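Participant: After the sequence you'll find the predicted model.
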Amino acid sequence: MDVSQYLEIFIDETKEHLQTLNTQILELEQNSENMDTINEVFRAAHSLKGMAGTMGYKRMQNLTHDMENVFSEVRNGHIKVSASMIDCLFQCLDALDEYLNNIQESGDEGSNNNEVLIKELNAMQTGEGQPVEETKTEVVIQQDAVSEASPKEKWRNMVLGEPEKHVLAEAYKQGKNVIGLTVYVQETCILKAARAFLVFKALEDLGEIIISSPSAQDIEDERFDYDFSIIMVTNSELKQVISAASGVSEIQEVCANLVEIEVGEVKEEVKEEVKEEETVTESATQTPVAAEPKKKETKPAEKKGKPVVNRTVRVDIEKLDVLMNLVSELIIAKNSLVSATNAEGASNNGVNEHIEYLESVTTNLHESVMKVRMVPIESVVNKFPRMIRDLQKKLGKKMELYMTGEETELDRTVVDEIGDPLMHLLRNSADHGLESAEVRKERGKPEVGSIFLDAYQEGNNVIIEVRDDGNGIDVEAVRRKAIERGTITEEQAEDMTEKEIINLLFLPSFSTAKQVSDVSGRGVGLDVVRSKIEALSGEVEVKSKLGVGSTWTIRLPLTLAIIQALMVVVGGEKYAISLGNIQTIEDISPSDIKYVQSKEVITIRGTVIPLLRLNEIVGVESTKNEDENMIVVIVKKGDKLAGLLIDELMGQQEIVIKSLGTYINKCKEISGATILGDGEVALILDTNALL
Amino acid sequence: MENTKQFSNNNQYIVISMGDEEFGIDIKYIDNIVKMQHVTRVPNVASYIKGVINLRGEVIPVMSLRLKMGLDNDVETKNTRIIILKLEQYGMLGVIVDEVKEVLTLTDGEIEKVGSNNKEEKEGFVFAVGKYDNTLVSLLDLNAVALERE
């Protein structure tokens, strides 16, 4: 079978499953008895195995198969989660990751059999560590509860809510058949959701589906393994139902049974089993199963404790860009229409009405498209707990990562780029920031160091903070190092504030770590962090207190494609300045201009601010007279301020940022262009480059 | 038969006029030809870069072929056109020309390569000469035209 067309989906889904495994195994390390987590891990491993098998990646399948076996033993309480097991599992995940990388690059999984890992897994499975008594008994009870029913009839494990029970009781009273069934899809089936849908459709022709497990939504999104369970109410016979369900192709098996309702109890009457070969086996075992005790049993397919995932469609980011461009064009076309009708004197009221309607539609459309591009930063930060765990072992320090605000949303392009800088900062905190346990003890700090990663939205920006309670930055050490390296002279060092010294850290090839470690300290970190974040039109700041800890603050624009801007005119040319960079707008008289070191400055509320004449920067003649009052836009970059002298203010406008292209790349004062309502192009000033 | 051969060789050129001279631009590099429109000046770039225009929602840089060739600055007339080129190295790029005349199909035999190492002069932008109807048309080397220089 040619599976190449599914390769992309396979890679995406495998990544997701690996992430789930990473997160859940980490959780397992904290709380080794959590059945939900173990089930989750088991399910992810199982899906991985199935997928790898379908795609013909035998080595990957073997490894996941053995992992699954171990999880299965854990789930049954035969072995207990141990630290060495967690380590081994993480190694397995790394190995799977390697397979995946190989597949992504060459379409082939590579030739590494990972026999050592498989041996280790097998050793674990055969009970290398004896289970602890209490876990065993606990699980055995649960086992007993299930063993009463045929293990294939998973629908018996479904948890019924009060409304469902009521509906079933009603139907039963009316003499309708209540049928429970579990449908097994062939493991080779690729379009599971489509098959499930056909089964649903076939059953809905016969009666009403009361409840399904996983939910209909999950099934539609293909969030199930190879089976799903349904309880339905129908006037048809059991056999009809079974043949309808098994009539769908690629369905391996349908296990169905009549459900007898007695005062809230579910009883089974006859048991039927249909194989694909249409052989019907009847059995007359009558096992009354109460609905109540079932609730204690958490079935894997229940997805309990899993974050609610919205229905999603994977879309190529380029398609979104095209959509975005079309929307911008639509808005420009609409604006031209508005100005055209205004010019004609608006004789027709009907036209104006329609234009207003068009206006509201385009505005809404624009907003929606913008929102589509936003994704939570979760996908990036999810890998960090695992990273910190590995660092902990590598560095021999004790640390804990606390994250908040993973749901904060950013433009897709920003989210894709922010991973590396954040990783650098976290590694930095772990390696340079946090002290060793002994030192921490001496200083009266808790032995386990804390690293915090907080994300939140603030106005039009998203703030991401990386904070640690470690040693903080030793300003004196940085100063000495800078002099030693010749970055600054001793005289310069004398004049520099603490903040300026700390900012030296962002210079290329500057590292204060005494030893270059595997983790950080090569001096390629912080300057990369800064340049990457600035490329995203963001900024990074650091606050630090020696002995208490440091806080790195990354400020990013919500989205790159659209900004609120102030439109200004200088020498008859229109320029846009991002509102995020503007502090205030001041009206000053020419006599307010003072000179410091023969440079023009103004004093605003006690602060001396350098004055920049925009007309000189862009090389045009100002249209204003020397003695007229002047408009100054105060722009900021971090703590630095500057006053931009302009001719005229046009007002605030939402603008779509367009690139100037690769041909014009020498102009550092201009960060891009935008198209105004009349179709004219206006340039966007990069005030950060001016400061 | 001969016609199909010509088309498959893509020897089609748009003939433009610049002052008294005529130049040919290979049609495969041409995305579009638009009328002269308002060009937004970009500060602090080479003088031959006129600025940027809005072409159906795309911002496209525009250069003056006259200034690049060392001729007088453009004088806008009703015949002035911007030829939008699509170059592998630079992407979309607009070139202002005095007038667009016609489309010319040349056979391989009608094209005579000229060698020139001098990229500074007008001749440096010409890679070959096309002969037709007893007149000559200089065929432009677009990568040399686009090449950045002060």
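Facilitator: Ah, there it is. Just so you know, these numbers come straight off a predicted model, no measurement behind them. Numbering: from 1, shown residues only, chains lettered A, B, ... in the order given.

Participant: For the residue nearest to residue A:565 when sequence neighbours are not counted, give its distance to residue A:684.
Facilitator: Counting by Cβ to Cβ, 6 or more residues apart in numbering or on different chains, residue A:565 lies nearest to residue A:576, which is 4.1 Å off, once chain neighbours are set aside. Backbone N, C-alpha and C define where each C-beta goes, glycine included. If you measure residue A:576 against residue A:684 using Cβ to Cβ, to the nearest Å, the figure is 5 Å.

Participant: Quick one: neighbours of the closest residue to residue A:589 other than its chain neighbours, just the number.
Facilitator: Of all residues beyond its chain neighbours, the one nearest residue A:589 is residue A:629 (5.4 Å), with distances taken as Cβ to Cβ, 6+ apart. For residue A:629, the number of neighbouring residues by other Cβ atoms under 10 Å in any protein chain shown comes to 10.

Participant: shouldn't residue A:154 be in contact with residue A:182?
Facilitator: Yes: using Cβ atoms under 8 Å as the test, residue A:154 is close enough to residue A:182 to be in contact (4.5 Å).

Participant: so what sits against both of these two?
Facilitator: A:227, A:229, A:255 (Cβ atoms under 8 Å, 6 or more residues apart in numbering or on different chains).

Participant: for the second one, what are its contacts?
Facilitator: With contacts taken as Cβ under 8 Å, 6+ apart, residue A:229 has the following neighbours: A:154-155, A:157-158, A:180-183, A:212-213, A:301.

Participant: and it, what helix or strand is that in?
Facilitator: Element membership of residue A:229 [criterion: DSSP states H and E] is strand A:227-234.

Participant: could you point out which element follows that strand?
Facilitator: With DSSP H and E setting the assignment, the helix or strand that follows strand A:227-234 is helix A:238-246.

Participant: For chain B, what is the nearest residue in the stretch 51-200 of chain A?
Facilitator: Scanning the stretch 51-200 of chain A for the residue nearest chain B gives residue A:105, at 26.0 Å (criterion: Cβ to the nearest Cβ).

Participant: Excluding residues flanking it in the chain, which one is nearest residue A:590?
Facilitator: residue A:627 (6.0 Å).

Participant: So which residues on chain B come close to chain A?
Facilitator: B:38, B:40-46, B:49, B:51-54, B:56-61, B:63, B:90-93, B:146 (Cβ under 8 Å from any Cβ of the partner chain).

Participant: Mind giving me the ChimeraX select for the residues you listed, buried ones only?
Facilitator: For selection in ChimeraX, the members of those meeting the burial criterion (16 or more other Cβ atoms under 10 Å in any protein chain shown) are listed in this command:
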select /B:40,41,42,43,45,49,51,52,53,54,57,58,59,60,61,63,90,92,93,146
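
Participant: Can you flag which of the residues of chain B next to chain A belong to strands?
Facilitator: In this view, those that belong to strands under DSSP state E are B:49, B:51-54, B:58-61, B:63, B:91-93.

Participant: Give the bridge partners for residue B:113, please.
Facilitator: Beta-bridge partners for residue B:113, by DSSP bridges, are residue B:128.

Participant: residues from the stretch 451-600 of chain A in reach of chain B?
Facilitator: Going by Cβ under 8 Å from any Cβ, the residues of the stretch 451-600 of chain A near chain B are residue A:573.

Participant: helices and strands of chain B: which one has the lowest mean pLDDT?
Facilitator: In chain B, no helix or strand scores lower on mean pLDDT, DSSP states H and E than helix B:2-9, which sits at a mean of 46.

Participant: leaving aside the residues next to it on the chain, what's closest to residue A:645?
Facilitator: Spatial nearest neighbour of residue A:645, chain neighbours left out: residue A:613 (4.7 Å); criterion: Cβ to Cβ, 6+ apart.

Participant: In space, not sequence, find me the middle residue of chain B.
Facilitator: Nearest residue to the geometric centre of chain B (Cα atoms, centre = their mean): residue B:25, 5.1 Å.

Participant: Give me the below-cutoff pLDDT ranges for chain B.
Facilitator: Regions of chain B meeting the criterion pLDDT under 70 cover residues B:1-10, B:115-123, B:148-150.

Participant: Around residue A:595, count how many other residues there are.
Facilitator: Taking other Cβ under 10 Å as the criterion, the count of residues near residue A:595 is 9.

Participant: Kindly report the same for the one 4 residues further on.
Facilitator: Neighbouring residues of residue A:599 were enumerated by other Cβ under 10 Å; the total is 10.

Participant: tell me how far the ends of stretch A:166-181 are from each other?
Facilitator: With Cα to Cα, to the nearest Å applied, stretch A:166-181 spans 19 Å between its terminal residues.

Participant: quick one: average pLDDT of it?
Facilitator: Averaged across stretch A:166-181, pLDDT comes to 76.

Participant: Got the confidence number for residue A:309?
Facilitator: Note for residue A:309: predicted pLDDT of 51.

Participant: how does chain A divide into domains?
Facilitator: Following the assignment in automatic domain parsing, chain A carries domains at A:4-141, A:148-302, A:317-373, A:376-557, A:562-690.

Participant: how about the helices of chain B, start to end?
Facilitator: Taking DSSP state H, the helices of chain B run over residues B:2-9, B:65-68, B:142-146.

Participant: Counting by contacts, list what the shortest one packs against.
Facilitator: The one in question is helix B:65-68. Helix B:65-68 sits against strand B:91-97, with contacts defined as 3 or more Cβ pairs under 8 Å, 6 or more residues apart in numbering or on different chains; DSSP states H and E.

Participant: The strand it packs on vs strand B:49-55, what angle?
Facilitator: Angle between the axes of strand B:91-97 and strand B:49-55 is 110 degrees (criterion: axes from the mean of the first three to the mean of the last three Cα atoms, to 10 degrees).

Participant: Mind giving me the packing neighbours of strand B:91-97?
Facilitator: Counting contacts by 3+ Cβ pairs under 8 Å, 6+ apart, the secondary-structure elements packed against strand B:91-97 are strand B:12-18, strand B:49-55, strand B:58-64, helix B:65-68, strand B:81-87.

Participant: pLDDT-wise, which helix or strand of chain A ranks last?
Facilitator: helix A:133-147 (a mean of 36).
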